[in-house]
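K.L.:
A structural model of the following input is requested.
(chains A, B, C and D)
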Number of protein chains: 2
Amino acid sequence: MESDKIVIDESKYIQQLSIDCVIFGFHGEQLKVLLPKVKQLELWSLPGGYVLKKEDIEAAAQRILEERTGLRDIYLEQFYVFGRANRSTGETLKKVLLANSIQIPEDSWVFERFISIGYYALVDFSKVNTKIGIYDEACEWHDIHQLPNLAFDHAEIIQKALETLRFMLDDKLVGLNLLPETFTMKELQILYETILDKPLRRDNFQRKVLTMGILERIEKKFTGAAHKAPYLYKFVK
Amino acid sequence: MESDKIVIDESKYIQQLSIDCVIFGFHGEQLKVLLPKVKQLELWSLPGGYVLKKEDIEAAAQRILEERTGLRDIYLEQFYVFGRANRSTGETLKKVLLANSIQIPEDSWVFERFISIGYYALVDFSKVNTKIGIYDEACEWHDIHQLPNLAFDHAEIIQKALETLRFMLDDKLVGLNLLPETFTMKELQILYETILDKPLRRDNFQRKVLTMGILERIEKKFTGAAHKAPYLYKFVK
DNA sequence: TCAAAAGTGTTATCCGTACACCCATGA
DNA sequence: TCATGGGTGTACGGATAACACTTTTGA
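P.N.:
So this is what the prediction gives:
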């Protein structure tokens, strides 16, 4: 990301390299993305930042995630590097700095093109207290179907993240941070349906995830509803 | 990569970022990787280089590939970013420079840690005239099963490239640069078997690739052998 | 006429999907 | 006892794997 998190001390970071996090938020039947809004511009961006000179890139991504959500040890996965020479310009950043009365030398590397490593994360947005960065005027969850005006190629980055997430969903199960400790099969199914954006068959879905061998069946859950009580499950460790 | 292709003018490049190319070479029944040998050190590395400040990373990867093989417009794919803070040190590079009597300021960024974007390519190694870089004493094809002593985490990078290549082979067909203009089904099968490192059934393999609809059957090929002459195929464009 | 490898028809097996029925629950 | 949603047995169909037979070629 290039527009928020403007460095106080540029020399601490690796030049012209950034990390952009696509933080997917799930709750109920909604899939959202966390987007900060650039101050005084009608422009939204991805939460991003730079990599410290001696920092693992994985750690940098975790740090950026924590800065916005306060969350630690979240499922986070690198999915692509965006490196077209003209994918970003310093113009947007200059506007931001001007709007916020921040001075950075004209010849700083922060105005050059950026290569950005994309990570995506999955969180339950109802449990997150989002934090507004010092150069944001807002930081909000946006439904995946209704994205606002996005900076640079961030719309493309979100699209690629979503494709990768959906592709991965076949093999790996990624509900870890998105569901409560214990949950019903119905809840897990809704998670899948929301991410994949298509309905799934109840019967076959149950069989499929059970044969994966990653769920442990606990006791029943009596909801008070006039029907059979569903089992509760938890992920086996 | 960090040990070959030492920059003459460091300021042209993005700092602490490199590209490493895993160039797979195929011919006969062998799968190899192109590895330059660092001068005067018993150490091999991946062909790599830096990204020019205003260069697409894709173009940088193509440039690095061309530097070693002379080949252009080759199938090339980004597969992962290696960014552990301690994955490389400047020590190896210093030895190289010392061995080659090259002077670079002690405080140059080339001695810092590197984040490296991995690309892999596929070529026919019998058609390539490999080029020795100015800091290499050799540049040779190594069988994938017998890799020499490799610098940094380059063994890990090769492993990851190989996994990605095998994974991709199911959907996309990647024989384009590896086979002659026309080829027999047997040749294509050997290519697949060599990459996947496992035998495939002749009958089912034929049906599978034919249903993909990417091959066009040409005339027969009379080899002089005492059996039915196989058809020749070519990739449809 | 024979061996060797190519090509293809047929059968078996597996897996994902669809349909069905039964079960538990509280009104 | 009824409606509602959960759990699971079973049947269907397409795709893949396995088997078997035929064809072609030059020795």
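K.L.:
is chain B within reach of whichever strand in chain A runs longest?
P.N.:
Assignment by DSSP state E gives strand A:13-27 as the longest strand of chain A. Yes. Strand A:13-27 comes into contact with chain B (Cβ under 8 Å from any Cβ of the partner chain), by way of A:14, A:15, A:16, A:17. Where C-beta positions appear, they are placed from N, C-alpha and C, glycine not excepted.
K.L.:
my read is that residue A:24 contacts residue A:33, right?
P.N.:
Yes. Counting by Cβ atoms under 8 Å, residue A:24 touches residue A:33, with 6.1 Å between them.
K.L.:
which neighbours do those two share?
P.N.:
residue A:144 (Cβ atoms under 8 Å, 6 or more residues apart in numbering or on different chains).
K.L.:
centre of the chain to the worst-scoring helix or strand of chain A on mean pLDDT, how far?
P.N.:
Every helix and strand in chain A was compared by mean pLDDT, DSSP states H and E; the lowest is helix A:90-99, with a mean of 80. The chain centroid and the centroid of helix A:90-99 are separated by 24 Å, computed with Cα atoms, centre = their mean, to the nearest Å.
K.L.:
mind listing what's buried in stretch A:82-97?
P.N.:
Judged by neighbour count using 16 or more other Cβ atoms under 10 Å in any protein chain shown, the buried positions of stretch A:82-97 are A:82, A:83, A:85, A:87, A:88, A:90, A:92, A:93, A:95, A:96, A:97.
K.L.:
next one: stretch A:108-123
P.N.:
Neighbour-count burial for stretch A:108-123 [16+ other Cβ under 10 Å]: A:109-123.
K.L.:
how about it and chain B, any contact?
P.N.:
Yes. Using Cβ under 8 Å from any Cβ, stretch A:108-123 reaches chain B at A:112, A:113, A:115, A:117.
K.L.:
contacts only, for the second one.
P.N.:
The contact partners of residue A:113, by Cβ under 8 Å, 6+ apart, come to A:16, A:85, A:86, A:87, A:88, A:89, B:53, B:54.
K.L.:
quick check: the fourth one touching residue A:152?
P.N.:
Yes. With the criterion set as Cβ under 8 Å, residue A:87 and residue A:152 qualify as a contacting pair; they are 6.1 Å apart.
K.L.:
so residue A:107 versus residue B:165, what's the distance?
P.N.:
42 Å (Cβ to Cβ, to the nearest Å).
K.L.:
more neighbours: these two, which one.
P.N.:
Between residue A:107 and residue B:165, counted using other Cβ atoms under 10 Å in any protein chain shown, residue B:165 has the larger neighbour count: 19 against 7.
K.L.:
which parts of chain A sit against DNA strand D?
P.N.:
Proximity of chain A to DNA strand D, by Cβ under 7 Å from any atom of the strand, involves residues A:184-186, A:202-203, A:206-207, A:225-231.
K.L.:
number of nearby residues for residue A:159?
P.N.:
14.
K.L.:
and it, what element?
P.N.:
Taking DSSP states H and E as the definition, one finds residue A:159 inside helix A:154-168.
K.L.:
that helix packs against which elements?
P.N.:
Here helix A:154-168 touches strand A:13-27, strand A:76-82, strand A:115-124, helix A:185-196, going by 3 or more Cβ pairs under 8 Å, 6 or more residues apart in numbering or on different chains; DSSP states H and E.
K.L.:
and the angle for the shortest one with strand B:76-82?
P.N.:
Using axes from the mean of the first three to the mean of the last three Cα atoms, to 10 degrees, the inter-axis angle of strand A:76-82 relative to strand B:76-82 is 140 degrees.
K.L.:
can you name the residues in contact with strand A:76-82?
P.N.:
A:20-21, A:57-58, A:61-62, A:65, A:115-121, A:153, A:156-157, A:160-161, A:164, A:168, B:57, B:78, B:80-81, B:117.
K.L.:
again, but for stretch A:130-143
P.N.:
Against stretch A:130-143 from outside (Cβ under 8 Å, 6+ apart): A:3-6, A:25, A:30-40, A:44, A:47, A:67-70, A:96, A:100, A:102, A:125, A:148.
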